[in-house]
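Visitor: make a model of this:
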Amino acid sequence: MNITEIVKSAIQEDIKDIGDITANSLLPENHKSQARIFAKQNGVCAGIKYAVETLKQFNLDFTVNKNDGDILNIGDTIITISGTTRNILTTERTILNFIGHLSGVATTTNKAVKIAKPHNVIIACTRKTTPGLRDAEKYAVKSGGGDTHRFGLYDAVMIKDNHLLAHPNIIEATKIVQQKQPNVKIEVEVDTIQQLEQVLSVNPDVILLDNMKPEIVKKCVSINDTKTLLEASGNINLDNLEQYCKTGVDIISMGWLTHSAKNLDVSLELTN
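Guide: Reported below is the predicted structural model:
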């Protein structure tokens with residue numbers, strides 16, 4: 001879905017075909033207000049383009065004070081809004097959900113990127129995203145300084161365990177996709193050093209070291225005598241990230257960035 005469709009769907013969850021029965025009951029149609037969205041926590045901003053699309057769909061005037069990727073400090077005004085009070089209050093939760101969730105992803109990603117930077121390790125997300133919000137969550141990762149990895153099953157090859165259950169020869173499987181998909185990135189997941197040694201012989205673009213302890217990842221790095229990039233993934237979070245960064249691996253992908261990031265606390269207040 002594009003941004004317009006995502007926002008329409010989010011709004012529809014709140015108002016259906018009926019509308020905001022609280023605001024519509026209490027407030028005259030022509031009652032106007034000004035408001036601001038502001039940060040209640042420090043973090044990294046994301047979700048602005050989704051908030052802007054929400055405001056546009058309700059014909060509200062606005063000024064963007066913070067852009068995606070900007071640092072937020074407690075109390076910072078993110079967006080100022082003016083227009084009918086009904087529409088401001090109807091859009092409030094949708095806007096806060098987008099900015100809060102996506103800024104949470106961006107903030108978590110930025111923390112990981114700062115840990116990895118001294119070790120020249122790329123931090124990437126995965127396909128472990130909220131259904132319907134993959135584009136949004138991956139853009140939030142990018143806002144936090146991370147890499148978006150592949151977007152879906154359509155834009156890169158990744159040969160995983162279950163593929164090998166159906167086609168167990170890992171070298172043959174890699175060669176087949178290299179022939180059939182010559183113009184896309186090819187990544188192969190391995191679980192053991194033995195598999196790594198086999199796959200290195202056919203030079204995929206990336207080899208994913210799946211659920212390996214840091215000491216095993218370090219050993220894998222030491223035997224990689226090719227230009228193949230090595231990526232570590234599986235049960236990696238902010239608590240153990242630095243251990244993996246010290247192994248010399250090129251990329252660390254973390255589903256945790258999108259499926260476990262805490263919302264950043266943001267709020268809306270009417271200013272008159």
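
Visitor: drop to CA atoms for contacts and neighbour counts, all remaining ones
Guide: OK.

Visitor: next, count neighbours for the residue lying closest to Val249 once chain neighbours are set aside.
Guide: Computed as CA to CA, 6 or more residues apart in numbering, the closest residue to Val249 that is not its neighbour in sequence is Leu230, at 5.7 Å. Counted with other CA atoms under 10 Å, residues neighbouring Leu230 total 22.

Visitor: is Leu230 in a helix, a strand, or coil?
Guide: Following DSSP: H, G, I helix; E, B strand; the rest coil, the label given to Leu230 is strand.

Visitor: what of the one 5 residues further on?
Guide: At Asn235 the chain is in coil, as set by three-state DSSP.

Visitor: show the pLDDT at it.
Guide: Reading off the confidence values, Asn235 has pLDDT 93.

Visitor: tally of neighbours for it?
Guide: 15.

Visitor: please point out which parts of stretch 235-254 sit buried.
Guide: 236-237, 241-254 (16 or more other CA atoms under 10 Å).

Visitor: same check on stretch 10-18?
Guide: Buried-residue list, stretch 10-18, by 16+ other CA under 10 Å: Ala10, Ile11.

Visitor: after the helix ranked longest in the chain, which helix or strand is next?
Guide: What stands out as the longest helix in the chain, according to DSSP state H, is helix 85-116. Downstream of helix 85-116, the first helix or strand assigned by DSSP states H and E is strand 122-124.

Visitor: now do the helix or strand following that next one against helix 85-116, angle only.
Guide: For strand 122-124, the following helix or strand on the C-terminal side (DSSP H and E) is helix 134-143. Helix 134-143 runs at 50 degrees relative to helix 85-116, counting by axes from the mean of the first three to the mean of the last three CA atoms, to 10 degrees.

Visitor: circling back: filter the buried residues of stretch 235-254 down to just the ones in helices.
Guide: Leu241, Glu242, Gln243, Tyr244, Cys245.

Visitor: measure Asp250 to Ile207 for me?
Guide: 10 Å (CA to CA, to the nearest Å).

Visitor: where do the domain boundaries of this protein fall?
Guide: Domains of the chain are assigned by automatic domain parsing as 3-108+262-270, 113-259.

Visitor: gap between the first one and the chain center?
Guide: Spelled out, that is domain 3-108+262-270. Centroid separation for domain 3-108+262-270 versus its chain: 20 Å, with CA atoms, centre = their mean, to the nearest Å.

Visitor: and that domain, end to end?
Guide: 26 Å.

Visitor: what's the strand or helix carrying Ile6 in contact with?
Guide: Assigned by DSSP H and E, Ile6 belongs to helix 3-15. Here helix 3-15 makes contact (CA atoms under 8 Å, 6 or more residues apart in numbering) with Asp20, Tyr50, Glu53, Thr54, Thr91, Thr94, Gly132, Leu133.

Visitor: ok, and the most crowded of these?
Guide: Thr54 (24 neighbours).

Visitor: which residues sit in contact with that residue?
Guide: Val7, Lys8, Thr91, Thr94, Ile95.

Visitor: how many other residues sit next to the last one?
Guide: Number of residues near Ile95 (other CA under 10 Å) recorded here: 26.

Visitor: how close does it sit to Lys40?
Guide: 15 Å.
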